[in-house]
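In: Take a look and give me a structure for this.
(4 chains)
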Amino acid sequence: MRLICPVCGERDRREFYYMGDAVALQRPEPDAGAAEWDDYVHLRENPAGVTRDLWQHEAGCAAWIVVRRNTVTHEVLESVLATDLKGASA
Amino acid sequence: MRVNGKGLIDRSRPVSFTFDGTRLQGFAGDTVASALLANDIRLMARSFKYHRPRGVLSAGSEEPNALITVKRGSDAEPNVRATVQEIYEGLEVRSQNAWPSLGFDALGVNDLAAPFFSAGFYYKTFMWPRAFWERVYEPLIRRAAGLGGVSGTASAAEYEKAFAFCDLLVIGAGPAGLMAALEAGRAGVDVILADEDVQAGGRLLSETHGVEGLSGSDWAARAIAELASMENVRIMARTTVTGAYDQSTFGALERVSQHHAPSKDAPRACFWRIVAKRSILAAGALERPVAFQNNDRPGIMTASAVRSYLNRWGVAPGRNVVVFGNNDDAHRTAHDLRAAGVHVAALVDSRPDARVTGDFPVFTGAQVCGSTGRQGLEAVTIRTQSGTEKIATECLAMSGGWNPSVHLTCHMNGRPEWRDDIASFVPKGGAIPGMVTAGACNGAFSTHGALAEGQAAAMETLEALGKKGAKSDLPDAEDTPYRMSPLWAVGGTGRAWLDFQNDVTVKDVKQAAKENFRSVEHMKRYTTQGMATDQGKNSNVNALAILADVTGRGIPETGTTTFRPPYSPVPIAAMGAGAQGKGFAPERLTTSHHSTVKRKAPMIEAGMWYRPSYFPVPGESHWRQSCDREVNMVRDTVGVCDVSTLGKIDVQGPDAAAFLDFVYTNTFSTLKPGRVRYGLMLREDGTVMDDGTTARLSDTHYVMTTTTAAAGAVMRHLEFVHQCLRPELDVSMISVTEQWAQFAVAGPKSRELLNGLLDMLIDNDSFPFMACGPVSVGGVDARLFRISFSGEHAYEIAVPARYGASLFEALNEKAAALGGGPYGMEALNVLRIEKGFITHAEIHGRVTAFDIGMERMISAKKDCIGQTMAARPGLLGAEREQLVGLKPIGAVKQLTAGAHLFDPENPATREHSEGYVTSVGFSPTMGVFLGMGFLKNGRARHGQTVKLVDHMRGIETLCEVHGPVLHDPEGGKTRG
Amino acid sequence: MRFSGLRILKEGLTGNKGWSPHWRDPEPKAEYDAIVIGGGGHGLSTAYYLAKNHGMTNIAVLEKGYIGGGNVGRNTTIVRANYFLNGNSEFYSHSLKLWEGLEEDLNYNVMHSQRGLINLFHSDGQRDAFVRRGNAMVNQGDDAVLLDTAGVRKILPYLDFDNTRFPIYGGLLHPRGGTARHDAVAWGFARGADMRGVDIIQNCEVTGIDIENGAVTGVQTTRGAIKSKKIGLTVAGRSGQLAAMAGMRLPIESHVLQAFVTEGLKPVIDHVISFGMGHFYISQSDKGGLVFGGDLDFYASYASRGNLPMKEHVMEAGMTLMPMIGEAKVLRSWGGIMDMTPDGSPIIDKSPVEGLYLNCGWCYGGFKAVPGSGSVFSHLMATGRHHSEATGFRLDRFRTGVGIIDEEGTGSQHNLH
Amino acid sequence: MGLSCMIRKGVRPVVELLAKSPAEGLLPYAKGAVELSELALGKAASIAPFKGQLDAVEKALGQGFPKVGRTTGHVVWFSQGQYLAIAMDIPDALGKYAAITDQSDAWCALELKGAAAEDVLARLVPIDLRQSQFKRGHCARTQLGHMPLHITRTGNDAFRLLSFRSMAGTMVHEISRAMDLLAARR
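Out: Predicted structure coming up:
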């Protein structure tokens, strides 16, 4: 399996660390309440199909990236720097 | 029997080898199988279940019967295909799964008991009496099962792994693959051409019809020569592409030195990871047998195998051969044999309308329905319209038609499609992204068809690569149509084999269906059909057809089982190459390593690092003596310990302070430059992640320390928090763990030691407790931190790593002069237990700040990672197990880590377990064992007595519960 | 039909003509007293115990493909009860006791073989952790023995004790741990359930869950609508999709776990060996294949196949621990889809929807749990109350933080368990 | 080879600290058509420009910075937003615009040279090092076996390899093993 690092280009999966659903980027406010925090830390859409998940090019440039990927075919559709996404949303 | 004037072997180079101790001769270019047949040896192996005598079925890696063990120096390689292993001078080959001998195999009796060994019989019995399964039945079954054996000791052989990259990977060097590689190579793209065979050509090496007026092998040789002359083409012979993985990554096994005498330096095989932008599968096809009564005798093989032995290796598998098929292709075998002067006793074609000519007896609309000959074929019985007759023969060449080699296209869950006209499965387009299939593996069985599809595949691929391909004229070659009509099994009462190795017969499949194992997956798992070492390459389609027939479904509806990687088996040593011994993980050595080893300190692993456990001195025979001495040394004078393995992370930038406030539970923005503070880090779920001290070197520059174990995880976490949560913060992190060699100098005389070493003097005002700053030693810029993990007056001094070894010597020299010296992990552990400091033995991933009594360190004035979830009701309260100190008060004075804690009144059962011990050490300072552990509502139970029970070590004692800190609770010593 | 050696003999002498289906293929009825969705190990054992222990026979198991085609048919067949946290300890202990009587109970030889499981440790810290585990096992009433290096060498002489990267300090032996023939477990429970009247309906995919004012009323399937007021989900690997049909999100991420088998070899490994340092576990099947596995591929996936980096890691672990397996050839590798939860422990609970019960989140501990899971889940479905040995697997434990069962201590990141 | 670049400046040096190089005593090693030797990096500092300060940094340093995976003069791209200045003096003023971190002792620097150097690295490094793809001056952050690696092609058949100092022994072992196995093929 190969992923695209927006910084380094296409690399073997062995260079990447996987964290999970890209929901990790939307950290709730401290006072958001138990339900929202439970959602953030535990509950998952877990789609059989296209998903957005969070990886770090740990053995490479250390960039955290959001990868749009198909969980059934393992097709990689797009990958973006987490910082760019946050910049855009900010 | 050798046939003069035939074959590609080098008759000028005789090669001798042994089979079960008997010395035999073959020629360079022979496989074990061809050489044995040349020596008129047909019996080569025994089957798995019934131990039936077996010879070769095929001439390739798909061979299910002729598996042998190759002796290689001290070790042996089991389950080698005799059809693949090339012979070399001195090769030692042994047969397998037969005792006492291949000729007389005691377990052959299984064959007589076959009626009781029908499909799934073992699910229905061996249940009484209960104990007998493990004691009697299973051991017997295990001993009977298995094929070859591993030697039981580590193999001396070397294996390696490698990566390769290309624009186009062509899998298979038959006519289709060669044509594709030629066209792509000429167009200038980077090509890798991989083929599992020794020599390029595929079926061309085994057929008499040529290409462009040249013999097949000559044409292939010419093509390979042209390819070899191209810089952009890489030819990989003896290389089996074993698996297709995501994003066009392929696994491949190269047999590097198995074809010559074992050499201890050369790798036996290399496992390749090949990354290709595009791929072309030209894997050819495999001929399928026909199921009829006793179709498994030595001497019965596929028609194409007979042609291979004859045309490629110059061997006639028998002096007298019968050919049996359901297609025109099989006729070639009869013609080739005849032309080579081998007697063809009969050609039997199951099709009434088959058109056959040739000067040998021909039976159309007839079938071979049985055979005789215990250890080798003696005769076959054929059934014609006019009845049955017996024909004496040593070899039956059978053909049920061809199965395209679709296997790789199934590795990513692709399902092949059924084609009625050729009664075979063919690859589904797009099953492997970027892969095009061509030639026989695609259902194009003629040489012309293969060449044409190879060329077309190349053109399609070149276009996809954005390259212009110039179509060259196709070499002219035969284009005989493939005429066949399905014949899966010949009717009859006896046992007709489908899966030869696993002894699965037509009856077994029918019985499975009767017992409602009608799904193809159920049938497979119930009968073990297709689960042998050939993974059903020779048998799946036949078995499927029979299942379809008995369940009244069509073959497409019945579906197939999934072909999974590897295409052909891969040694664990190949995919795991380099890991044997220490190669599994890098070894990290501190700058004091060599000096430490010289001091005879036993080393222990700490993550990937090695750290000294203690430093023995003359007269000490037990580690406890050394440990006690080292503890006392630190308490009384001064000790030196290499702490370089702790993670050190430089945190710099205008927002460094704000960033640390967010990742730590406590506040670092209020920390003054030149000072150090202990920090606690939580995971977002509120559990403790790590702890350590962080020093502020300047307004915008901190250096954080982590535990040795968590260094990597913390660095990753910091980058996550920065890049994914707080990218607006202007801060950057870089690890300086490797840059600095850092040593703890601990004990009442630590300052005295340093003042005898540093280029300047320090005192309690210039360097109070928790101070840090630049110093210089021997003229080298260094960093000094006044921190303590021992509870004593202590420092940590860091120098650029190149000076580490030298400084360690200097520190020890000075320490010795003061009555001190180096100390190791054992002493460090005791010192911190006396002081109640935690390590990952305590913060093991399930404890909260509350559990370790640090909930007050979670500042309410700010948000931080883990703060919210740490406030969940379940993570607080008396029911939680809380950190306590423990002292034995019973008769038994020993404490053990891992023991559980109970109310003295209660039995030691799960319901009553109230906690457990995490760390234990003998405190020479206090003359008792001290422990740390977690106890329900522990903070409220100081002074109470609990029962410690360690079933594992047979220890039970009473303990007094107290606060974790015993040594110098007021901390006067550290400030001193 | 009752299976026995005698029966084998009789059939053998009469051409094996008398065998009958192990289970029927009935048409789905319009309504059942209870429906179990998922014909894997957990679903089939749930149905079996619903019928056997609770007398509920008008029930159906709905399977979208063929029964036993999920993780029960693609695992490394290990059966053990060596957990150390409340919630897990009592449950797996309960399950192991059921295993020990399973052949007689089912009249089906599932080849449960208690060949002993050894967890190796490689540092003092790991030893202490395993001692704590061993003590927890004995506290629970199960068995555990602490072995030092010599003790391990005695039963596993072929390990590399001299040169391996992470020296072997010892091991925790679980004598009652072992293996079983995975497919047979599914078939045995199917046959047992079928004999008690349970309808096992294959090729019947559930496409919707009908809910009226907060309670389930039935399911939509590829073979029509089926009514029932009690529905249990046992669809590990697909729990998220099924829960979504009921408008729920679960604390689950699906991951792929690979496993491997080598060509048949003469007996060489008698025990089940687990190498924590490299996350590698291995045993040898009765057919002679070395069956082994490692860690997750670590990325969310529904493709039952894995990639090279983890394959290589697993083989490398094998090579540093027991280089003598080097010449064994890997014959086949496959992948299963794991329901990974935030604490690595399962969920057996009522759902917010009345009549809809959850049995999911088995991570990769599902096989050994098959009998236990069926017995406690059937109890919950039949009585509405948690079984005494399975009170810990609550759905709300993550939100409240009460009774989190995190054996690995790696916290809420799903793939780290 | 002992690096003895000692800066004497303290008040009263009482000890003399000797410098040791990471792979001291392990190299050079030659096999087949390849040589492996240790490189003296000299002074090496990582430069991570603060937000929007790249221009200021370039000005202060009097040179442009390389693109990702490239080298400019003495500056190599090192990681996301991070550069490594090798054997050059860093003006203190730079600290205003960037995080400067001394890395002179953090890395074991080796040179692999020879016709088969690329084939040796193909045994250990998971990226495409073909001359056509990875040209002189190109660099990348990746892995060497299971070790972190910063690799630069310094010539047609020469590479500079940086990995953790503490892993020098394993680094040398793995590369020389690959050299041996490659040379033993026939």
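
In: can you pull the contacts of the closest residue to chain C within the stretch 51-200 of chain B?
Out: The minimum distance from the stretch 51-200 of chain B to chain C, using CB to the nearest CB, falls at B:Gly146 (3.0 Å). In this view, the C-beta of every residue, glycine as well, is placed from N, C-alpha and C. By CB atoms under 8 Å, 6 or more residues apart in numbering or on different chains, the residues touching B:Gly146 are B:Asn97, C:Gly264, C:Leu265, C:Lys266, C:Pro267, C:Lys287, C:Gly288.

In: and of these, the nearest to chain D?
Out: Closest to chain D, out of all of those and judged by CB to the nearest CB, is C:Leu265, at 26.8 Å.

In: pretty sure that closest one is touching C:Gly289, no?
Out: Yes. Using CB atoms under 8 Å, C:Leu265 makes contact with C:Gly289 at a distance of 7.3 Å.

In: The most centrally placed residue in chain A in helix, strand or coil?
Out: In chain A, the centroid-proximal residue (CA atoms, centre = their mean) is A:Leu54; its distance is 1.8 Å. Under DSSP: H, G, I helix; E, B strand; the rest coil, the three-state class of A:Leu54 is strand.

In: So which helix or strand of chain D has the lowest pLDDT on average?
Out: Ranked by mean pLDDT, DSSP states H and E, the helix or strand of chain D with the weakest confidence is helix D:54-61, at a mean of 94.

In: so what secondary structure elements neighbour the following helix or strand past it?
Out: Next helix or strand after helix D:54-61 toward the C-terminus (DSSP states H and E): strand D:71-72. Strand D:71-72 sits against no helix or strand, with contacts defined as 3 or more CB pairs under 8 Å, 6 or more residues apart in numbering or on different chains; DSSP states H and E.

In: Strand D:71-72 - what's its average pLDDT?
Out: For strand D:71-72, the mean pLDDT works out to 96.

In: Parallel or antiparallel, which strands does that strand pair with?
Out: Neighbouring strands of strand D:71-72 in its sheet, by DSSP bridges, are strand D:75-79 (antiparallel).

In: close to chain B, is the following helix or strand past the partner strand?
Out: Following strand D:75-79 in sequence order, the next helix or strand is strand D:82-86 (DSSP H and E). Yes. Residues of strand D:82-86 contacting chain B under CB under 8 Å from any CB of the partner chain: D:Gln82.

In: I'd like to know which elements the next helix or strand after strand D:82-86 is packed against.
Out: Sequence-wise, the next helix or strand downstream of strand D:82-86 (DSSP H and E) is strand D:98-102. When contacts are defined as 3+ CB pairs under 8 Å, 6+ apart, strand D:98-102 sits against strand B:647-652, strand B:732-735, strand D:44-49.

In: for the next helix or strand after the first one, what is the average pLDDT?
Out: I take that to be strand B:647-652. Remark: after strand B:647-652, the chain's next helix or strand is helix B:656-663, criterion DSSP H and E. Per-residue pLDDT over helix B:656-663 has a mean of 98.

In: hey, which helix is longest across chain C?
Out: Identified as the longest helix of chain C according to DSSP state H is helix C:124-140.

In: Do you have the strands of chain A handy? List them.
Out: Along chain A, the segments classed as strands by DSSP state E run A:2-5, A:9-12, A:17-21, A:50-56, A:64-70, A:76-81.

In: Let me know which of those strands is the nearest to B:Gly400.
Out: strand A:64-70 (39.2 Å; CB to CB).

In: residues in chain A within reach of chain B, list them.
Out: So chain A meets chain B at A:1-2, A:10, A:12-13, A:17, A:19, A:24-25, A:27-28, A:30, A:32, A:34, A:37, A:41, A:54, A:56, A:58, A:62-64, A:73-76, A:81-83, A:86-87, A:90 (CB under 8 Å from any CB).

In: just checking: which of those residues also lie near chain D?
Out: Within these, those near chain D by CB under 8 Å from any CB are A:Asp12, A:Ala62, A:Ala63.

In: Apart from its neighbours in sequence, what residue is nearest the last one?
Out: To tie it back to what came earlier, the one meant is A:Ala63. Setting aside the residues directly before and after it, A:Ala63 is nearest to D:Gln80 in space (CB to CB, 6 or more residues apart in numbering or on different chains), at 4.6 Å.

In: so who does the one you found touch?
Out: D:Gln80 neighbours (CB under 8 Å, 6+ apart): A:Val7, A:Cys61, A:Ala62, A:Ala63.

In: before we move on, back to that, could you grab the helix/strand/coil label for the residue of the stretch 51-200 of chain B closest to chain C?
Out: B:Gly146 is classified as coil under three-state DSSP.

In: So which bits of the worst-scoring helix or strand of chain A on mean pLDDT are buried?
Out: Ranked by mean pLDDT, DSSP H and E, the weakest helix or strand in chain A is helix A:82-89, scoring a mean of 81. Along helix A:82-89, these residues count as buried under the neighbour rule (16 or more other CB atoms under 10 Å in any protein chain shown): A:Ala82, A:Thr83, A:Leu85, A:Lys86.

In: now, the most widely separated pair of those residues?
Out: Most distant of the buried residues of helix A:82-89, by CB to CB, are A:Thr83 and A:Leu85, 7.4 Å apart.

In: does stretch D:127-134 come close to chain A?
Out: Yes. Counting by CB under 8 Å from any CB, chain A has neighbours in stretch D:127-134: D:Ile127.

In: For that stretch, list the C-alpha coordinates in CSV.
Out: Provided in CSV are the C-alpha atoms of stretch D:127-134 (Å, rounded to 0.1, in the frame of the first residue of the first chain):
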residue,chain,number,x,y,z
ILE,D,127,12.2,4.8,-1.9
ASP,D,128,12.9,5.0,-5.6
LEU,D,129,16.7,5.8,-5.9
ARG,D,130,17.0,5.3,-9.6
GLN,D,131,19.4,7.9,-11.1
SER,D,132,16.6,9.1,-13.3
GLN,D,133,14.4,9.8,-10.3
PHE,D,134,16.8,10.7,-7.5
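
In: Identify, from the ones next to chain D among the residues of chain A next to chain B, the entry nearest to C:Val235.
Out: A:Asp12 (33.1 Å).
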